[in-house]
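Enquirer: got a predicted structure here, sequence first:
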Amino acid sequence: MLPLIRLLPGRDRRVKAGHPWAFSNEIAMNAELRGMPAGSPVRLEGDDGVKHGVWHFNPHSLIAARVLDRSPEAVPDAAWYRARIARCLALRDRLLPSPHYRLVHAEADGMPGLIIDRHGDAVTVQANTAGMDAAMPHIVAALQELIAPRLIVARNDSPVRKLEGLEEGVAVLHGEGSTAHVAEGAIRFELDLTGGQKTGWFHDQRENRARVAALCNGASMLDAFCHTGGFGLAAAAAGARHVTLLDRSEPALVLATRTAQAHGLNQVESVRGDALEVLERWVNEGRRFEVVVADPPAFAKARKDEQPALRAYARLARLSAQLVAPGGILFMASCSHHVAPGPYADAVAHGIWRARREARLLFQGGAGVDHPVHPMLPESAYLKALMYALD
């Protein structure tokens, strides 16, 4: 029988409403609970005896408990993890035609704090909670049984692990090497799963890359903060006249250039530099592109960063809009879950207005279908995408 923890009297409203977290100030803490290993599976009950299922418990974290299973009889053993990942696999295979997707999206898939990205025969996993970190042997075994990947890489280098008392690191859990490929549209992108950003590829922008590429035939295009060139190379394959890739990471640009050369995309050039500084210089030089994409890393790493981040997004929107030729397209995105959609859209609109451009909003959306959103957890809808026509 799993240990039992209880919610404080009157502090069960959010949990009863279906929220997947319980905070430390909602739980009846005592010395015994504080001594439990971080990430222990427990049963959670209200002070009224209502059973709320099985949760991961970390007495040292502000988010003290995260729901695993609403059934109080559930046992989070190897069979449980296999069944849960199999459920995620069945949904992705139904939604998408090829094995290149986010396989597990944390709380929204009933596996709190766990990210699994599938890149064909290679998989990256990221455990951002103590519970999922402790369960990694079960997770690896389930992946080996269900999809038999050639390579499994742990990308446990996210700073949020510190909030759970976990160390950061990158390790190969199964197989050898670090390279993989992801197929998207007509392009097979080369990835570095141990040295690239996050889990090696941004599956969340798949549909947005196709949306932008469809508008790039015959156009000049700038992909700022390009990483390995997802937006830019998709635009080149769709017939863009010229594509400029801009990023500060030399290894990322090397991978993007190799991918471009492998597909005969000779209209692609790469520029290394701090994107905001380079954009400012190009504005002063009077450069223009018919399509501009600005998809930066998260500007807000914590809630306290929200206002500085909004100012940075407004500045980026101003610079990007000034680089768009009359009648062109501007696509901007934010992956900062600490910045809500409304304030982000307002910041971008303010930046475009400061650039003295008239804009028509063509599209407003988020991540692809392999990044489901937990209905009670707005944070899981982290990606915000905006596309404008600028006069």
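Expert: Arrived safely. Numbers count the residues shown, from 1 in each chain.
Enquirer: how about the strands of the stretch 51-200 of the chain, start to end?
Expert: 51-57, 63-69, 100-105, 114-119, 122-127, 151-156, 169-174, 179-184, 187-192 (DSSP state E, counting those that start in this stretch).
Enquirer: which residues touch the residue lying farthest from the centre of the chain?
Expert: Distance from the centre of the chain peaks at residue 48, with 37.9 Å (CA atoms, centre = their mean). By CB atoms under 8 Å, 6 or more residues apart in numbering, the residues touching residue 48 are residue 12. To be clear about C-beta, it is placed using only N, CA and C from the backbone, and glycine gets the same treatment.
Enquirer: double-check that it belongs to a helix.
Expert: No - remark: residue 48 does not belong to a helix; assigned using DSSP: H, G, I helix; E, B strand; the rest coil, it is coil.
Enquirer: sorry, back to before: could you dump the strands of the stretch 51-200 of the chain to CSV with distance to residue 319?
Expert: Shown next, in CSV, are the strands of the stretch 51-200 of the chain (distance: least, CB to CB, whole Å):
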stretch, distance to residue 319
strand 51-57, 43
strand 63-69, 36
strand 100-105, 30
strand 114-119, 31
strand 122-127, 32
strand 151-156, 31
strand 169-174, 33
strand 179-184, 28
strand 187-192, 27
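Enquirer: quick one, phi psi at the residue nearest to residue 67 when sequence neighbours are not counted?
Expert: Computed as CB to CB, 6 or more residues apart in numbering, the closest residue to residue 67 that is not its neighbour in sequence is residue 20, at 4.6 Å. Per-residue torsions, residue 20: phi -80, psi 0 (degrees, to the nearest 10).
Enquirer: same thing with the one 3 residues further on?
Expert: Geometry field for residue 23 lists phi and psi as phi -90, psi 160, criterion degrees, to the nearest 10.
Enquirer: ok, now residue 235?
Expert: Backbone torsions for residue 235, taken as degrees, to the nearest 10, come to phi -60, psi -40.
Enquirer: so what's the residue count around the closest residue to it other than its chain neighbours?
Expert: Nearest residue to residue 235 in three dimensions, chain neighbours excluded: residue 216, at 3.9 Å (CB to CB, 6+ apart). By other CB atoms under 10 Å, the residues close to residue 216 number 24.
Enquirer: now residue 363
Expert: Per other CB under 10 Å, the neighbour tally for residue 363 reads 12.
Enquirer: now the one 3 residues further on
Expert: Using other CB under 10 Å, residue 366 has 18 neighbouring residues.
Enquirer: from residue 344, how far out is it?
Expert: For residue 366, the distance to residue 344 equals 11 Å [CB to CB, to the nearest Å].
Enquirer: between these two, which contacts overlap?
Expert: residue 384.
Enquirer: how is this protein carved up into domains?
Expert: Using automatic domain parsing, the domains assigned to the chain come out as 4-69, 78-179, 202-390.
Enquirer: where do the helices sit along the stretch 251-391 of the chain?
Expert: 275-285, 306-323, 341-354 (DSSP state H, counting those that start in this stretch).
Enquirer: using TSV, lay out the strands of the stretch 51-200 of the chain together with mean neighbour count and distance to residue 383.
Expert: Listed next are the strands of the stretch 51-200 of the chain as TSV, based on neighbours: other CB atoms under 10 Å; distance: least, CB to CB, whole Å:
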stretch	mean neighbour count	distance to residue 383
strand 51-57	22	25
strand 63-69	21	21
strand 100-105	26	11
strand 114-119	26	14
strand 122-127	25	16
strand 151-156	22	18
strand 169-174	14	24
strand 179-184	19	16
strand 187-192	20	19
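Enquirer: who wins for proximity to residue 198 among these?
Expert: strand 151-156 (6.8 Å; CB to CB).
Enquirer: now the closest one - C-alpha only, PDB.
Expert: Output of strand 151-156 as PDB, limited to C-alpha atoms (Å, rounded to 0.1, in the frame of the first residue of the first chain):
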ATOM      1  CA  LEU A 151      19.100   5.500 -29.400                       C
ATOM      2  CA  ILE A 152      17.700   6.900 -26.200                       C
ATOM      3  CA  VAL A 153      19.200  10.200 -24.900                       C
ATOM      4  CA  ALA A 154      18.400  11.800 -21.600                       C
ATOM      5  CA  ARG A 155      18.300  15.600 -22.000                       C
ATOM      6  CA  ASN A 156      18.100  16.400 -18.300                       C
END
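Enquirer: any stretches of the stretch 251-391 of the chain with poor pLDDT?
Expert: Per-residue confidence for the stretch 251-391 of the chain (pLDDT under 70) gives no ranges below the cut-off.
Enquirer: follow-up on the earlier one: and among the helices of the stretch 251-391 of the chain, the most buried is which?
Expert: helix 306-323 (a mean of 21; mean count of other CB atoms under 10 Å).
Enquirer: so for residue 191, which of the domains of the chain sits nearest?
Expert: domain 78-179 (6.0 Å).
Enquirer: longest strand of this protein?
Expert: Using DSSP state E to define each element, the chain has its longest strand at strand 324-334.
Enquirer: would you mark the buried spots in it?
Expert: Residues of strand 324-334 classed as buried: 324, 328, 329, 330, 331, 332, 333, 334 (neighbour count, 16 or more other CB atoms under 10 Å).
Enquirer: out of those residues, which one sits closest to residue 96?
Expert: residue 333 (20.3 Å).
Enquirer: can I assume the closest one is in contact with residue 384?
Expert: Yes - if you go by CB atoms under 8 Å, residue 333 and residue 384 touch, sitting 6.5 Å apart.
Enquirer: if we can go back for a sec, so what secondary structure elements neighbour the longest strand of the chain?
Expert: Judged by 3 or more CB pairs under 8 Å, 6 or more residues apart in numbering; DSSP states H and E, the packing partners of strand 324-334 are helix 206-213, strand 289-294, helix 306-323, helix 341-354, strand 384-390.
Enquirer: list the buried residues in the first one.
Expert: Of the residues in helix 206-213, 206, 207, 208, 209, 211, 212, 213 count as buried by neighbour count, 16+ other CB under 10 Å.
Enquirer: got a list of what the nearest residue to residue 360 once chain neighbours are set aside touches?
Expert: Distances taken as CB to CB, 6+ apart put residue 389 closest to residue 360, at 4.6 Å, once the chain neighbours are dropped. Counting by CB under 8 Å, 6+ apart, residue 389 touches 327, 328, 329, 359, 360, 362.
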